[in-house]
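**Q** Got a sequence here, can you build the structure:
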Amino acid sequence: MKGSLARLSIFVDGNNMFYAQQKNGWFFDPRKVLAYFTQHEHTQLMNAFWYTGIKDSQDQRGFRDALISLGYTVRTKILKEYYDDNSGRYSQKANLDIEIVIDMFNTVEQYDSVILFSGDGDFERAIELLRSKNTHITVISTEGMIARELRNVTDRYIDLNSIRQFIEKD
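**A** Numbering: from 1, shown residues only. So this is what the prediction gives:
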């Protein structure tokens, strides 16, 4: 890649990362994430996507607007409520895995490298297929929340805590 640009796309599974950050006890700054991964002069950011579940159309409006102003494409889905028989509690979930995979493949001609912020094993097959197209895949998650299958198929795994000093929210 000497002399040529590395074309990068970033995909953030917002809900998955919310729980990873909560588990770690600190939160990352979306602006610092972009700055950190594009600091090399030969890296060109092609796309940055952020996926999140929302309660209604106004939920997280300020945060979503801030993401858009930073250059992220924000995809949302209304949270669905599920009853968990094991815990006896209701929980909310907005599964955006399909949207992430669609965007990865819809923009595949635009990038050489992907950074996926998620620990979800459901991405295993999509990552295998992207790697077969000579795409370099980096997965970012945290210990105890990264699926073994995902860690197994990625080119590179980065634990959030190892880059905390560069991306932590002030």
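**Q** what's in contact with the helix or strand bottoming out on mean pLDDT in the chain?
**A** One helix or strand of the chain scores below all others by mean pLDDT, DSSP states H and E: strand 89-93, with a mean of 86. Residues from elsewhere that reach strand 89-93, judged by C-beta atoms under 8 Å, 6 or more residues apart in numbering: 15, 53, 55, 79, 80, 81, 82, 83, 84. For every residue, glycine as well, the C-beta is placed using N, CA and C.
**Q** any weak-confidence spans in this structure?
**A** Residues of the chain that meet the criterion pLDDT under 70 lie in 1-3.
**Q** mind listing the helices for it?
**A** Remark: helices assigned in the chain by DSSP state H are 14-24, 30-37, 61-70, 97-106, 124-132, 148-153, 164-167.
**Q** The fourth one vs helix 14-24, what angle?
**A** This means helix 97-106. 110 degrees (axes from the mean of the first three to the mean of the last three C-alpha atoms, to 10 degrees).
**Q** Quick check: buried residues in helix 97-106?
**A** Neighbour counts over helix 97-106 (16 or more other C-beta atoms under 10 Å) mark 99, 100, 101, 103, 104 as buried.
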